[in-house]
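[1] Fold the following for me, if possible:
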Amino acid sequence: MKKLLILLLVLIAGNSVQAQKVIWGYVKDSITNEPIEMASITNTNKNNTVITNQKGLFKIEVSKNDILSVAAIGYHFDTVLYSGIISASDTVTFYLKPISRELNDVTVQNTGANEYSLDSLRRLREFTDQMVSPPVKSVELANSGAGFGISLNSLSKREKNKRNAIKIFNASEKQAYVDYRFSTAIVSKYSGLKGEELQVFMQRYRPSYEWLRKNPKEEDVKYYINEKLKERRK
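    Residues are numbered from 1 along each chain as shown. Below is the predicted model:
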């Protein structure tokens, strides 16, 4: 009986290890095919975020049926369900669609609005348009062409799926805000770090969305970076 129990524990542990794996991936511009540096990739199931290096490369831990969401300033976010075709591969590539520079019918009242605010308005408008479009298949090939993605058009069929789509959209917007406030230019400016050292520092000390909202000034980020530099030297 004791041997059987040990065997079961080993099998469970083995399945647990197999259920989680680290995958590598790239984030690229869908038009130019150029890598997108400092894009954020979030495993929405595990609430874990990593960022891409100068080659658009990243690695992240996933389990089957996890949802990966990627966001970058100036681009529409993309999502991939880690299942089916994609789960059979150790590599995934996201091709992000650049945001149009035209607002068309969107009017910005605040003339001091920053680029993040304008991009957010564009993403929100496209998301809203998709939610009211004629429904299509609920699961389809993602924009990246790797694995399966969530079709936001179809998620308006049921309120539960609609809420899930809104949740993913809001999570991606939060990551885009963090990318904007904790950008490569700002962190390099106040830390003096470059290259791989900069990328490692930004991923390790990436602030939360909530903290950044409570500290809206660039000076706040400057002090935050200085504190983390002191912590890094210890």
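
[2] from here on, contacts and neighbour counts on C-alpha atoms
    OK.

[3] how about stretch 41-48: buried residues?
    Residues of stretch 41-48 classed as buried: 41, 42, 43, 44 (neighbour count, 16 or more other Cα atoms under 10 Å).

[4] Check stretch 201-219 too.
    Applying 16+ other Cα under 10 Å to stretch 201-219 flags 201, 202, 203, 206, 207, 209, 212 as buried.

[5] What helix or strand is the third one located in?
    Secondary structure here is read from DSSP states H and E; on that basis residue 203 sits in helix 195-204.

[6] Show residues contacting that helix.
    38, 50, 51, 53, 54, 182, 184, 187, 188 (Cα atoms under 8 Å, 6 or more residues apart in numbering).

[7] Now for the protein, the helix or strand with the poorest mean pLDDT.
    strand 139-141 (a mean of 39; mean pLDDT, DSSP states H and E).

[8] can you list the domains in this structure?
    22-180, 182-234 (automatic domain parsing).

[9] and these, which is most packed in?
    domain 22-180 (a mean of 18; mean count of other Cα atoms under 10 Å).

[10] I'd like the distance from that one to the chain centre, please.
    Put simply, domain 22-180 sits 7 Å off its chain's centre (Cα atoms, centre = their mean, to the nearest Å).

[11] Helices along the chain, start to end?
    2-19, 115-131, 159-181, 184-191, 195-204, 209-214, 218-233 (DSSP state H).

[12] Let me have those in a markdown table, adding mean pLDDT and distance to residue 91 as columns.
    Putting the helices of the chain into a markdown table (pLDDT from 0 to 100; distance: least, Cα to Cα, whole Å) gives the following:
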| stretch | mean pLDDT | distance to residue 91 |
| --- | --- | --- |
| helix 2-19 | 48 | 16 |
| helix 115-131 | 78 | 27 |
| helix 159-181 | 82 | 21 |
| helix 184-191 | 93 | 25 |
| helix 195-204 | 89 | 20 |
| helix 209-214 | 94 | 28 |
| helix 218-233 | 95 | 31 |
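
[13] Out of the ones you listed, flag the one nearest residue 82.
    Of all these, helix 2-19 sits nearest to residue 82, with 11.5 Å by Cα to Cα.
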